[in-house]
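[1] Provide a 3D model corresponding to the input given below.
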Amino acid sequence: MDNQIPTTTDFDYYGFNPEEPCLKASVKQIAAALLPPLYSLVFIFGFVGNILVVLTLINCKKLKSMTDIYLLNLAISDLLFLLTIPFWAHYATNEWVFGDVMCKLFTGLYHIGYFGGIFFIILLTIDRYLAIVHAVFALKARTVSFGVGTSVVTWMLAVLASLPGILFTRTQKEISHYTCSLHFPPNKFHFWKMFTALETLILGLVLPLLVMIICYSGILKTVLRCRNKKKHKAVRLIVAIMIVYFLFWAPYNIVLLLNTFQESSGLNNCSDSNRLDQAMQVTETLGMTHCCINPIIYAFIGEKFRSYTARFFQKHITKRLCKHCPIFQQEALEQSSSIYSQSSKVEISIGL
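    Model (predicted):
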């Protein structure tokens, strides 16, 4: 994923006159001012939301369906993606101080989390399609074991898609500081730059949108035929999922495409390159926030999942923070009364 990782490179020698490198100091200054607070907000909201999804799925829902398996893996993908953000935030204000091994490690986690999240969104879309459009077939196909098996394959595909970014990312000293960024082989620079950009465009935007359009078209036809009072709410939810995904990731993919094909798009001068780099920072941050929206769209918007989350909070958090609150004391009395009445019935039934 070319340019997916924040860069502190002050010069760009590619596409311009090598004797007069394009200065990137303004891009660095804007990144240092804007990215850390934005990344911090994304990390906090995304981490809290996805941790709640994981805890609720494990503690309350007990992973009893294929949908639960995919939701759990989607949350894990987002968490892998989010865990790297504090390091990119530090990098935006300073040089890369974590060494070459950590550079490759965090790049790998970033890419695997990114591609994993996209692939599990696709699986969730197909899962919804099967459950609504092919309900009879879904009873046999949508099993927990099948969900686990497809999840393993999906993680393998995410790692495979991430390999170019991992292999070509390294630390490098530039003038007075170290960077952690992509460095393609000089003899195949344009090939790999085009390959990673097209890979991101196809896997990150074209494929998921194509799957969503096909699956949700079938879902809408089925839902609109049903005599269900909640069908209009379901239609709005389906349309919202498609629009939100497109709005969050389409701008980044468009800018990435323009940045990759600067010469053919007539943007092969230094000032346009600086503007594109700034646009990359803004649109990439917008795309990052999609992992904060995932828990809302795919989990908390469902009534059952909200009730599970409320139960989890009440059981594991609220009671511990407020043990002596009247509401919990009343609950305890009701539970003890219930237990007493049940034990009394048992005593009577066995003649004690």
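
[2] Okay, now the unreliable bits of the stretch 51-200 of the chain?
    Scanning the stretch 51-200 of the chain for pLDDT under 70 picks out nothing.

[3] Helices of that one, residue ranges please.
    Using DSSP state H, counting those that start in this stretch, the helices of the stretch 51-200 of the chain run over 66-83, 85-93, 99-133, 135-141, 144-168, 189-201.

[4] hey, which of those is tucked in deepest?
    helix 66-83 (a mean of 23; mean count of other C-beta atoms under 10 Å). To be clear about C-beta, it is placed using only N, CA and C from the backbone, and glycine gets the same treatment.

[5] Distance from that helix to the middle of the chain?
    8 Å (C-alpha atoms, centre = their mean, to the nearest Å).

[6] how far off helix 99-133 does it point, in degrees?
    If you take axes from the mean of the first three to the mean of the last three C-alpha atoms, to 10 degrees, helix 66-83 sits at 150 degrees to helix 99-133.

[7] From Ala141, how far out is the closest residue to Cys291 other than its chain neighbours?
    Nearest non-adjacent residue to Cys291, counting by C-beta to C-beta, 6 or more residues apart in numbering: Asp78, 4.0 Å away. Distance, Asp78 to Ala141, using C-beta to C-beta, to the nearest Å: 26 Å.

[8] Next: Phe81.
    Phe81 sits 29 Å away from Ala141, going by C-beta to C-beta.

[9] Same question for Leu160.
    For Leu160 relative to Ala141 (C-beta to C-beta), the value is 25 Å.

[10] what does Pro295 give?
    26 Å.

[11] re the thing from before, contact partners for the residue nearest to Cys291?
    By C-beta atoms under 8 Å, 6 or more residues apart in numbering, Asp78 lies in contact with 46, 50, 113, 117, 291, 294-295.

[12] can you check Ala138 too?
    130-131.

[13] rewinding a little: just the ones of the contacts of Asp78 in helices?
    Cross-referencing the contacts of Asp78 against helices under DSSP state H gives 46, 50, 113, 117, 291, 294-295.

[14] Export those residues to CSV and append columns for distance to Val136.
    CSV is the format used below for the ones in helices among the contacts of Asp78 (distance: C-beta to C-beta, whole Å):
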residue, distance to Val136
Gly46, 37
Asn50, 33
Gly113, 35
Gly117, 31
Cys291, 34
Asn294, 30
Pro295, 31
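
[15] So which of those wins on neighbours?
    Cys291 (28 neighbours; other C-beta atoms under 10 Å).

[16] Lys64 is in contact with Thr143, isn't it?
    No - Lys64 is beyond contact range of Thr143, at 10.6 Å (criterion: C-beta atoms under 8 Å).

[17] Looking at those two, which is more packed in?
    Neighbour totals were compared for Lys64 and Thr143, and Thr143 leads with 14 against 10 (other C-beta under 10 Å).

[18] what's the distance between that one and Phe248?
    32 Å.

[19] circling back to that earlier point, which one of the ones in helices among the contacts of Asp78 sits closest to Arg225?
    Asn294 (29.2 Å; C-beta to C-beta).

[20] thinking that closest one is in contact with Leu74, fair?
    Yes - using C-beta under 8 Å as the test, Asn294 is close enough to Leu74 to be in contact (6.2 Å).

[21] what is in contact with the two at once?
    117, 121.

[22] Now flag whichever of the contacts of Asp78 is closest to Tyr178.
    Gly113 (23.8 Å).

[23] For that closest one, list the residues it contacts.
    Applying C-beta under 8 Å, 6+ apart, the residues contacting Gly113 are 77-84.

[24] do Phe137 as well
    Leu130.

[25] Could you check how far it is from Leu123?
    Phe137 is 16 Å from Leu123, by C-beta to C-beta.

[26] With Leu34 instead?
    Distance from Leu34 to Leu123, by C-beta to C-beta: 34 Å.

[27] what comes up buried for the helix or strand hosting Gly218?
    According to DSSP states H and E, Gly218 maps onto helix 207-225. By neighbour count on 16 or more other C-beta atoms under 10 Å, the buried set for helix 207-225 is 208, 211-212, 215-216, 218-220, 222-223.

[28] from the residues you listed, which is closest to Leu286?
    Pro208 (16.4 Å).

[29] Please list all residues in contact with that closest one.
    Pro208 neighbours (C-beta under 8 Å, 6+ apart): 118, 121-122, 125, 245.

[30] And it, how close does it get to Phe195?
    In terms of C-beta to C-beta, Pro208 sits 19 Å off from Phe195.

[31] which residue packs closest to Thr143, ignoring adjacent ones?
    Met66 (6.3 Å).

[32] Would you mind measuring from that neighbour to Tyr178?
    Counting by C-beta to C-beta - Met66 and Tyr178 are separated by 45 Å.

[33] now Ile297
    Distance from Ile297 to Tyr178, by C-beta to C-beta: 38 Å.
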